[in-house]
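# any chance you can model this:
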Amino acid sequence: CHTSGMLTPNGKEYAQKIPREELTHLILKLLQAWKEPLSHFNQHIEHHQELPDDSLSKAKQISNMVHELKTGVEKSMGIISNSLNGMASSETTGLSINNEANMMSDSDFIHCFRRDSNKVQSYLKILKCRIMPENSC
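I've put the predicted structure just below:
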């Protein structure tokens, strides 16, 4: 996975120890790291004539959701991240994603995306519990 070199907490208990701002920044870095690879993936699958239209539509929907989620995290957490928005994905994460993400097989790509999206989901749940503890998390 192109994001394997990114330091992320192993397990919920470690993620809960990270300060809110750092956890939010980590979420944004993960989302930003997927922006370019998802764009390339969409272009790649558009050239597969044998794929059904709903698969193409689903891939575009996922890319849009990642973009909207990144924007929503920035807004809801009150973070204006000019440095993140002004950087290329590889600069943001400190990773070289150009070749690695593009060279993955489709199944590896989807596996990596699922892994990282699960991390983002877990981190967002932790943040939600910190912001709204009345949800008895």
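# before we move on, what's the pLDDT of residue 8?
Among the per-residue scores, residue 8 shows a pLDDT of 90.
# for it, give me its contacts.
26, 30, 119 (CB atoms under 8 Å, 6 or more residues apart in numbering). Any C-beta I mention is one placed from the backbone N, CA and C, and that applies to glycine too.
# distance of residue 117 from residue 17?
From residue 117 across to residue 17, the span is 22 Å (CB to CB, to the nearest Å).
# do the same with residue 64
Distance from residue 64 to residue 17, by CB to CB: 33 Å.
# same thing with residue 11?
Plainly put, residue 11 is 10 Å away from residue 17 if you go by CB to CB.
# pLDDT of stretch 15-32, averaged?
Rounded mean pLDDT across stretch 15-32 is 89.
# helix/strand/coil for residue 7?
When classified by DSSP: H, G, I helix; E, B strand; the rest coil, residue 7 comes out as coil.
# same deal with residue 4?
The three-state label given to residue 4 by three-state DSSP is coil.
# can you give me phi and psi for it?
phi -60, psi -30 (degrees, to the nearest 10).
# count the neighbours of residue 128 for me.
Using other CB atoms under 10 Å, the number of residues around residue 128 comes to 13.
# residue 65 now?
Neighbour count for residue 65, taken as other CB under 10 Å: 13.
# and it, what element?
In the assignment (DSSP states H and E), residue 65 maps to helix 53-76.
# buried sites along that helix?
By 16 or more other CB atoms under 10 Å, the buried positions in helix 53-76 come out as 59, 62-63, 66, 69-70, 73-74.
# since that was my last question, I'll sign off now.
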